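Novice: Generate coordinates for the sequence data below:
(chains A and B)
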Amino acid sequence: MSSAAPTTFSNSDTDKIMLAARELFCARDDRVLFKNLNFDLPQGQVLQVQGSNGSGKTTLMRILCGLNDSYEGSIKWYGQEIEDQAASFFSSLLYIGHRVGVSKVLTPVENLRWSCSLKQAVSDEQIMAALKEVGLRGFEESPCYTLSAGQQQRVSLARLIISPASLWVLDEPFTTLDSKGVAMLEKIMQRQAQAGGAVMVTTHHSLSIPQLALLSLG
Amino acid sequence: MTEKQTTTSAAFLATLKRDLLIAFKKKNDIVNPFMFFIIVVSLFPIGISPESDRLTEIAAGVIWISVLLASMLSMDNLYRSDFEDGSLEQLLLSPHPLFFLVLAKNISHWLVSGLPVVLVSPILAYMLALPTEAYGTLVLSLLLGTPIMSLVGSIAVALTVGLGSRGLILAVITLPMSVPVLIFGTLAVQSTLNSQSPVGYLSLMLVMLSVSVSLAPLASAAALKISVN
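Specialist: Sure thing, here's the model as predicted:
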């Protein structure tokens, strides 16, 4: 995994709080999803968000990414408002949602070439190495509509390997993966935490990652 | 934090390339509006009259209206599949200004749906017995007008992309904004036919194009953010 080696994020301040949320409040259709929600996400942590169906996990993830702005409270990125440093925040953020962002008519390579180059320059060697690591060797040039849901999920997960982003926000990344895929993703997440990055993930799996912290909703 | 950050122009080019690639792979998106345009225009001589005098009179209007309808037919593809597969969220989370990324998508859309229509218009103009001296003006006015339609239509599509059933909403939003283009486009051709200079109308269209290029992507970007919210 030469080209897929994790980037190290400034080791000197490994314990720095990356993302801090204070008194978050969100309601949808008069139903309070969460109120007075506080949490810190320091570098080197995997924060698993738990909660029953409909408890607002996805909403929380989208709020953190800035895709949803119907909330109250404050979210700070290294102690500053996100709006004040949007470029730095968005280049450090990698989000994978329910809809994985993989175009069905394109091949995995073409998909990654685009979605990665929205954030950073990417070479075809990096893409090939990442696809190999997520177990899609031999599918590089197949259109994504011929791939299974799990394989499409893996295409989007290959972005985690390529990306130098320090903050990953993953919404139910395990849903369509087989047991091997689950183990692979846990390994990648652990590597990210060890390198000083942070992961925020919603899942109902119990993860076996030493850097794990839990956040319960609802 | 990394030595290999992309520049905005690289992200712009990557988006343009991707959209062209998708259009090339989904050939329907290219062929359908184009065929629709040709069919609609060729129905007029059958329905109205094959006499060249009467056709000459309506030629510019017929071509312009058909272009407008064909562009509306093609608009829907602009953001829908990206919205459905989640690519739109990735686009919105890019650190680069959304203005340029949306502009890239609009340019790609125009290259795929607008340009072919412009290129084929002289043949259809010949079919509608438009005098040859007006061909230049027609092509030029379409060249200025079709990008405006793509840019303005993009706002409407961006606003409605989150709605389940859109139906006529798209047309209701887009058509009023396209009417000025239609008016100046047909007037430019008419004035050439009346041996007057079309430069005034064409300059107005150029102004409209400049305004659309500089403002419409901003509106589209804002609309996309609302739709994804």
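Novice: which residues does residue A:82 contact?
Specialist: Counting by Cβ atoms under 8 Å, 6 or more residues apart in numbering or on different chains, residue A:82 touches A:66, A:75-76, A:89. C-beta: built from backbone N, CA, C; applies to glycine.
Novice: Tell me, what's the model's pLDDT at it?
Specialist: Per-residue confidence (pLDDT) for residue A:82: 86.
Novice: What of residue A:187?
Specialist: Looking at residue A:187, its pLDDT stands at 92.
Novice: Residue A:126: how many residues sit nearby?
Specialist: 20 (other Cβ atoms under 10 Å in any protein chain shown).
Novice: mind listing what's buried in the helix or strand it falls within?
Specialist: Per DSSP states H and E: residue A:126 is located in helix A:124-133. Neighbour-count burial for helix A:124-133 flags A:126-133 (criterion: 16 or more other Cβ atoms under 10 Å in any protein chain shown).
Novice: Spell out which parts of chain A neighbour chain B.
Specialist: A:7, A:9, A:65-70, A:86-93, A:95, A:97-106, A:110, A:113-115, A:117-121, A:143, A:164, A:166 (Cβ under 8 Å from any Cβ of the partner chain).
Novice: Give me the subset of the residues you listed lying in helices.
Specialist: For the residues of chain A next to chain B, the ones inside helices are A:65, A:86-92, A:110, A:113-115, A:117, with DSSP state H as the criterion.
Novice: pretty sure residue B:198 is touching residue B:185, no?
Specialist: No. Using Cβ atoms under 8 Å, residue B:198 is not in contact with residue B:185, being 10.0 Å away.
Novice: so what sits against both of these two?
Specialist: Residues touching both residue B:198 and residue B:185 by Cβ under 8 Å, 6+ apart: residue B:141.
Novice: just to revisit the earlier point, wait, which of the buried residues of helix A:124-133 is closest to residue B:220?
Specialist: Lowest distance from residue B:220 to the buried residues of helix A:124-133 (Cβ to Cβ) belongs to residue A:127, with 29.2 Å.
Novice: so who does the closest one touch?
Specialist: By Cβ under 8 Å, 6+ apart, the contact set of residue A:127 is A:109, A:112-113, A:116, A:158, A:162.
Novice: re the thing from before, now the buried members of the residues of chain A next to chain B.
Specialist: A:9, A:65-68, A:89-93, A:95, A:97, A:99-106, A:110, A:113-115, A:117-121, A:143, A:164, A:166.
Novice: Just give the closest residue to the residue in chain B that chain A sits nearest to, not the sequence neighbours.
Specialist: Closest residue of chain B to chain A, Cβ to the nearest Cβ: residue B:86 (2.9 Å). Among residues not flanking residue B:86 along the chain, residue A:99 sits closest, at 2.9 Å (Cβ to Cβ, 6 or more residues apart in numbering or on different chains).
Novice: tell me the phi and psi of residue B:42?
Specialist: Backbone torsions of residue B:42, given as degrees, to the nearest 10, read phi -80, psi -10.
Novice: Pass me the low-pLDDT residue ranges in chain A, would you?
Specialist: A:1-15 (pLDDT under 70).
Novice: residues touching residue 128, list them.
Specialist: No chain in the question, so chain A it is. Under the criterion of Cβ under 8 Å, 6+ apart, the neighbours of residue A:128 are A:109, A:140.
Novice: my question was about chain B
Specialist: Neighbour list for residue B:128: B:41, B:44-45, B:55-56, B:58-59, B:62-63 [criterion: Cβ under 8 Å, 6+ apart].
Novice: Check residue B:106 too.
Specialist: For residue B:106, the contacting residues are B:78, B:147, B:150-151, B:154, B:216-217, B:220, by Cβ under 8 Å, 6+ apart.
Novice: Tell me which residues of the lengthiest helix in chain B come out buried.
Specialist: For chain B, the helix with the greatest residue count under DSSP H is helix B:199-228. By 16+ other Cβ under 10 Å, the buried positions in helix B:199-228 come out as B:201-202, B:204-205, B:208-209, B:212, B:216-217, B:219-221, B:223-224, B:227-228.
Novice: Kindly report the same for stretch A:200-210.
Specialist: For stretch A:200-210, the neighbour count (16+ other Cβ under 10 Å) marks A:200-203, A:207, A:209 as buried.
Novice: Strands - which of those residues land there?
Specialist: Under the assignment DSSP state E, those contribute A:200-202 to strands.
Novice: Just give me the closest of these to residue A:26.
Specialist: The closest of those to residue A:26 turns out to be residue A:202 (Cβ to Cβ; 14.9 Å).
Novice: There's contact between that closest one and residue A:55 in this structure, I believe.
Specialist: No. When contacts are counted by Cβ under 8 Å, residue A:202 is not listed as touching residue A:55 (9.8 Å).
Novice: Who are the contact partners of residue A:105?
Specialist: A:143-145, B:22, B:25-26.
Novice: residue in chain A nearest to chain B?
Specialist: Using Cβ to the nearest Cβ, the single residue of chain A nearest to chain B is residue A:99, 2.9 Å away.
Novice: List the contacts of that residue.
Specialist: B:84-86, B:89.
Novice: want to try a markdown table for those residues, with secondary structure as columns?
Specialist: Listed next are the contacts of residue A:99 as a markdown table, based on DSSP: H, G, I helix; E, B strand; the rest coil:
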| residue | secondary structure |
| --- | --- |
| B:84 | helix |
| B:85 | helix |
| B:86 | coil |
| B:89 | helix |
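Novice: List buried residues within the residues you listed.
Specialist: With burial judged by 16+ other Cβ under 10 Å, the buried subset of the contacts of residue A:99 is B:85-86, B:89.
Novice: Tell me where chain B is predicted with low confidence.
Specialist: Along chain B, segments meeting pLDDT under 70 span B:1-6.
Novice: Show me which residues of it are close to chain A?
Specialist: Residues of chain B lying near chain A (Cβ under 8 Å from any Cβ): B:1-2, B:4-6, B:10-11, B:14-15, B:17-18, B:21-22, B:25-26, B:81-82, B:84-87, B:89-96, B:101, B:228-229.
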